[in-house]
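Q: I would like the atomic coordinates for the input below:
(one chain, ligands or ions: 2)
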Amino acid sequence: MSVRLSTPQDYSRLVDKYDTWMFDCDGVLWHGDRIIDGVVEVLDLLRSKKKKVLFVTNNATKSRKNYKGKFDKLGVQAHVDEIYGSAYATAVYLSSVIKLPKTNKVYVIGMAGLEEELQGEGITVLGGSDPADCTLEPFTLANFTLDPAVAAVVCGLDTQMNYTKISKAFQYLTRNSDCHFIATNEDSTYPSAEGLLPGAGSISAPLRYALGRDPICTGKPSSTMLDCINAKVHYNPERTIMVGDRLNTDILFGQNGGLATLLVLTGIAVESDITGPNASPIVPNFITSSIADFRAAIDPQQ
Ligand SMILES: C[C@H](OP(=O)(O)O)C(=O)O
Ligand SMILES: [Mg+2]
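A: Ligands and ions are numbered 1, 2, ... in the order given. Now for the predicted structure:
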C-alpha cells in the first residue's frame, strides 16, 4: 500500500529518512527543456542537508556531458559524475559486461549523445547521425554492403528514425546470429514540453516485430544502470530513495535495487495507474503530486 505524502511533517520526515536521492529526469525534473516548478528549491534543500543527489535518466539522446549542459542552462546544480543516462549504461554494458572487442563495431539507431557515450568507451559506431543513414531515400539490399565487423545493434530514441535504419539493423541482426540486440530503454512514450511523444520503446518496436525477438534493455528497470552507479558511488540502499514518474521503469528499477520508491504525478503515471480497477501491480512506497511538494519541508526559519 502506498503512503500519500501530504503534511509538511510527511515531507520533512522523508528528507530526514533518506541520505541518497536518485531522481529520474523527464517528467520529474522537467518536460523537455521546461523545468518543473519547485525543482531548484527542493534540490537546494536536499544539498543543504548534505544529501547525495543522483540523476538517473532513460533518455539516451544525450551524453552525461550534454546533460550537464542542460542542467546548467536550466539553473539546476549538477555535477557530471551525478548524472547516469541509459546511453552511458549501454556503453558500459558493451565495453565492460559483454566486453565487445575493440575491433568490432556497433550499428546505432539513435542520436549524437548515444554515439558520444559509445565512442567514449572506445566503440566504433555506424549509423546513428550519419547523414547517409538519416535519409528518406528508398532502401534496397542491392545498394547495401554488410560490414562484417558489426557485432551489436543498439536502439535508442531517434527523432530521425527511418526505413533505412530499421533495414540495416535488421540485416545485421538476421545475417549474423551472434549479433547483440540492445535497447537503451523501453519507455513507450516520453513527456515533452508540449505533451506525450513516442519513446525509445516505440522506436525499437518495428525491429522486435520484424525479428520476432526482444532486445536486452540496459536502461531502467534493468540492473545495468544501477551497476554503473554502484561502480562509482557508495550509498546505503536502505537509506536511498528513487524518485520517478513511470511505474514500469523508475519504480520497478528502485524495487529491483532494494531502494525505497517515490512516484510523482508530473510525468507519465496518472491516478488511475495507482488506484481503481486497472491499477498497476507495481506499487510505490510513497506518492506525491510533484517534487515541488517538498518545499513544505523547507524550514521558513532557515
Ligand atoms: C522518459 C525517459 O526519460 P526519463 O524519464 O528516464 O528521464 C525517456 O526519455 O525515454
Ligand atoms: Mg521520467
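Q: what does the stretch 101-250 of the chain have sitting close to ligand 2?
A: residue 245 (C-beta under 5 Å from the ion). No exception for glycine: its C-beta is placed from N, CA and C like everyone else's.
Q: which stretches of the stretch 101-250 of the chain form helices?
A: Ranges of helices within the stretch 101-250 of the chain are 112-120, 163-175, 200-211, 223-232, based on DSSP state H, counting those that start in this stretch.
Q: Now do the contacts for the residue lying closest to residue 106 once chain neighbours are set aside.
A: The shortest distance from residue 106 to any non-neighbouring residue, by C-beta to C-beta, 6 or more residues apart in numbering, is to residue 152 (4.7 Å). Residue 152 makes contacts with 94, 98, 100, 104, 106-107, 179-182, as judged by C-beta atoms under 8 Å, 6 or more residues apart in numbering.
Q: want to try a markdown table for those residues, with neighbour count and pLDDT as columns?
A: Shown next, in a markdown table, are the contacts of residue 152 (neighbours: other C-beta atoms under 10 Å; pLDDT from 0 to 100):
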| residue | neighbour count | pLDDT |
| --- | --- | --- |
| 94 | 24 | 97 |
| 98 | 14 | 96 |
| 100 | 21 | 97 |
| 104 | 17 | 98 |
| 106 | 29 | 98 |
| 107 | 24 | 98 |
| 179 | 18 | 98 |
| 180 | 20 | 98 |
| 181 | 19 | 98 |
| 182 | 21 | 98 |
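Q: Dump those into TSV; add distance to ligand 1 as well.
A: Shown next, in TSV, are the contacts of residue 152 (distance: C-beta to the nearest ligand atom, whole Å):
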residue	distance to ligand 1
94	19
98	23
100	24
104	27
106	20
107	20
179	24
180	21
181	18
182	15
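Q: So which of these is the closest to residue 42?
A: The nearest member of the contacts of residue 152 to residue 42, counting by C-beta to C-beta, is residue 182 at 34.2 Å.
Q: Do I have it right that the closest one meets residue 153?
A: Yes: applying C-beta atoms under 8 Å as the test, residue 182 and residue 153 come out as touching, 7.0 Å apart.
Q: what's across from residue 126 in the sheet?
A: Beta-bridge partners of residue 126, counted by DSSP bridges, are residue 107.
Q: just use 41 as the starting number from now, easier for me
A: Fine by me, first position is 41 from now on; the one you just mentioned is residue 166.
Q: show me the contacts for it.
A: Counted by C-beta under 8 Å, 6+ apart, residue 166 has contacts 145-148, 173, 187, 190.
Q: Please report how far residue 163 lies from ligand 2.
A: From residue 163 across to ligand 2, the span is 26 Å (C-beta to the ion, to the nearest Å).
Q: ignore the last one, residue 160
A: Relative to ligand 2, and taking C-beta to the ion, residue 160 is found at 24 Å.
Q: Report the spatially nearest residue to the most centrally placed residue in the chain, omitting neighbours in sequence.
A: For the chain, the residue nearest the mean C-alpha position is residue 98 (0.7 Å; C-alpha atoms, centre = their mean). Excluding the flanking residues, the one nearest residue 98 by C-beta to C-beta, 6+ apart is residue 225, at 3.7 Å.
Q: about what we covered before: adding mean neighbour count and distance to ligand 1, write the helices of the stretch 141-290 of the chain out as JSON lines.
A: Formatted as JSON lines, the helices of the stretch 141-290 of the chain follow (neighbours: other C-beta atoms under 10 Å; distance: least, C-beta to the nearest ligand atom, whole Å):
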{"stretch": "helix 152-160", "mean neighbour count": "22", "distance to ligand 1": "11"}
{"stretch": "helix 203-215", "mean neighbour count": "19", "distance to ligand 1": "18"}
{"stretch": "helix 240-251", "mean neighbour count": "19", "distance to ligand 1": "5"}
{"stretch": "helix 263-272", "mean neighbour count": "18", "distance to ligand 1": "10"}
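Q: The residue in the stretch 241-342 of the chain positioned nearest to ligand 2: neighbouring residues, count only.
A: Using C-beta to the ion, residue 285 is the residue of the stretch 241-342 of the chain that sits closest to ligand 2, at 4.4 Å. Using other C-beta atoms under 10 Å, residue 285 has 25 neighbouring residues.
Q: Same check on the one 4 residues further on?
A: Around residue 289 there are 28 other residues, counting by other C-beta under 10 Å.
Q: contacting residues for the closest residue to residue 269 other than its chain neighbours?
A: Leaving aside its sequence neighbours, residue 269 sits nearest to residue 124 (C-beta to C-beta, 6+ apart; 5.5 Å). Contact analysis of residue 124 by C-beta under 8 Å, 6+ apart lists 94-97, 104, 265, 268-269.
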